[in-house]
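Asks: any chance you could fold what I've pasted below:
(one chain, ligands or ions: 2)
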Amino acid sequence: MRRTAGYQQVGWLGLTVQVPSEWDLVVARGNRFDGYLRFDEEAFTRCHIQWTLVSAGKVVLDDQLDRYLEAFERQLKKKGQPVTIRKNTGLVSRKDVGRNVRTFFWECGTVGYGLLWFCQDCRRAVLTQVYGYAHEDLKGTAKRIFLSLSDHQEGDWERWSLYDLSFDAPVGWDLTDSQIQPGKVRFHFRKGPWRITLERWGPASVLLGPEDNLETFVVKVLPQDIKNRFLLHCRSDDFKEHPSLHLKGSDKGAKRPLSVWWRQLTSGQPFPNFLGWLWVCPVSNRIYFVSGILPPAEELVLDHIARSVSCHPEERTDACGR
Ligand SMILES: [Zn+2]
Ligand SMILES: [Zn+2]
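Replies: Ligands and ions are numbered 1, 2, ... in the order given. Modelled structure (predicted):
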């Protein structure tokens, strides 16, 4: 097994945690009501985090934990090895994490530390387990993970961090779709009729051949419905000290009297604009595109998101991204 060199920050749907850099995020699913994250290291599950929103009523953690551990014990016994489960390990306390908390430990060939808590502020019940081998300092690793865990963020913005991508997203917008593949990451956010998309492609050195530039690239990746709906203009810029394009598009409907009349009758809202920042980061060798359909009053939201993207680690200055 590789030794733990450092920790990575992960942020997803308002939940943040630090786990060893060697652990890969292999499952990220759910929503703010129910969700699940899982980290593996070379096909061995290292950590999983589950959360559930308890909208009303009293949460009795002892009952919840007993019920969970009964089922978990039955599952462990299927391995045909002796099972030990201990509750109240004291690994972290209510004072440490600021929430009502229960801890447990188990051993059955491999070992694990668990934590169940309930947050009064966001009413999320969160179960976290860390798995390992008896010869490792799993206790120290589990404690560090538990102390880094938070189930909600303060303020109007939430930090998202995963797959080497870190950015702010505004609270109140919903993640409606995400796509994570080698060479391509995409997140769609929506609030009512407005939408924002954050995309990343790589490696840029392959995608932008000698015949290509950012203009030809954006023509390839822009969805047809955007090209049909908006009258687009773009200008070259220098965004984050990288070569970039700034796109702005006005809704063609705003020039059609019938569309204007219909809009005033139905929503009364101004026509939105299409906005986008596309840039190539030579350090990480990736292309980033933050774009959206927004009303004029919310255009700054898109600027904030684009500026918040960490496209390359600050300390790195070489051009060896993957
Ligand atoms: Zn919370
Ligand atoms: Zn960069």
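Asks: could you point out the longest helix in this protein?
Replies: Once the chain is assigned using DSSP state H, the helix that runs over the most residues is helix 61-77.
Asks: could you dump the helix or strand that that helix is followed by to PDB, C-alpha only?
Replies: Once helix 61-77 ends, the next helix or strand along the chain (criterion: DSSP states H and E) is strand 84-87. Taking C-alpha atoms only, strand 84-87 is exported to PDB below (Å, rounded to 0.1, in the frame of the first residue of the first chain):
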ATOM      1  CA  THR A  84     -15.900  -7.100  17.500                       C
ATOM      2  CA  ILE A  85     -17.900  -3.900  17.700                       C
ATOM      3  CA  ARG A  86     -17.300  -1.200  20.400                       C
ATOM      4  CA  LYS A  87     -19.400   1.900  20.800                       C
END
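Asks: and strand 84-87, what's buried?
Replies: Burial within strand 84-87, assessed by neighbour count using 16 or more other CB atoms under 10 Å, is assigned to Ile85. C-betas here are computed from N, CA, C, even on glycine.
Asks: packing partners of the next helix or strand after it?
Replies: Using DSSP H and E, the helix or strand that follows strand 84-87 in sequence is helix 94-97. Where contact means 3 or more CB pairs under 8 Å, 6 or more residues apart in numbering; DSSP states H and E, helix 94-97 is packed against helix 138-148.
Asks: for ligand 2, what's its nearest residue on the stretch 151-300 of the chain.
Replies: Here the stretch 151-300 of the chain gets closest to ligand 2 at one residue, Cys281, 3.1 Å apart by CB to the ion.
Asks: do I have it right that that residue meets His312?
Replies: Yes - at 5.3 Å, Cys281 counts as touching His312 under the criterion of CB atoms under 8 Å.
Asks: how about the contacts made by the closest residue to Leu138 other than its chain neighbours?
Replies: Closest residue to Leu138 apart from its sequence neighbours, by CB to CB, 6 or more residues apart in numbering: Gly132 at 3.7 Å. Gly132 makes contact with 46, 110-112, 138, 141, according to CB atoms under 8 Å, 6 or more residues apart in numbering.
Asks: just the element for the closest residue to Asn88 other than its chain neighbours, please.
Replies: Using CB to CB, 6+ apart and skipping the chain neighbours, the partner closest in space to Asn88 is Thr103 (6.3 Å). Using DSSP H and E, the element containing Thr103 is strand 100-108.
Asks: what does that strand contact?
Replies: With contact meaning CB under 8 Å, 6+ apart, strand 100-108 is reached by 59, 61-62, 65, 69, 72, 76-77, 79, 81-94, 111-118, 120, 134, 146.
Asks: up against ligand 1, what does the protein have?
Replies: Counting by CB under 5 Å from the ion, the chain comes close to ligand 1 at 119, 121-122, 151-152.
Asks: just flag the most distant two among the residues you listed.
Replies: The span of the residues of the chain next to ligand 1, defined through CB to CB, is set by Asp121 and Asp151 at 8.5 Å.
Asks: neighbour count for the two, which is higher?
Replies: Ranked by neighbour count (other CB atoms under 10 Å), Asp121 and Asp151 place Asp151 first, with 23 against 10.
Asks: hmm, Cys122 and that one touching each other?
Replies: Yes - contact status for Asp151 versus Cys122: in contact at 5.9 Å, counting by CB under 8 Å.
Asks: which neighbours do those two share?
Replies: Listed as contacting both Asp151 and Cys122 by CB under 8 Å, 6+ apart are Gly14.
Asks: that older thread, neighbours around the residue of the stretch 151-300 of the chain closest to ligand 2, how many?
Replies: When counting by other CB under 10 Å, one arrives at 24 neighbours for Cys281.
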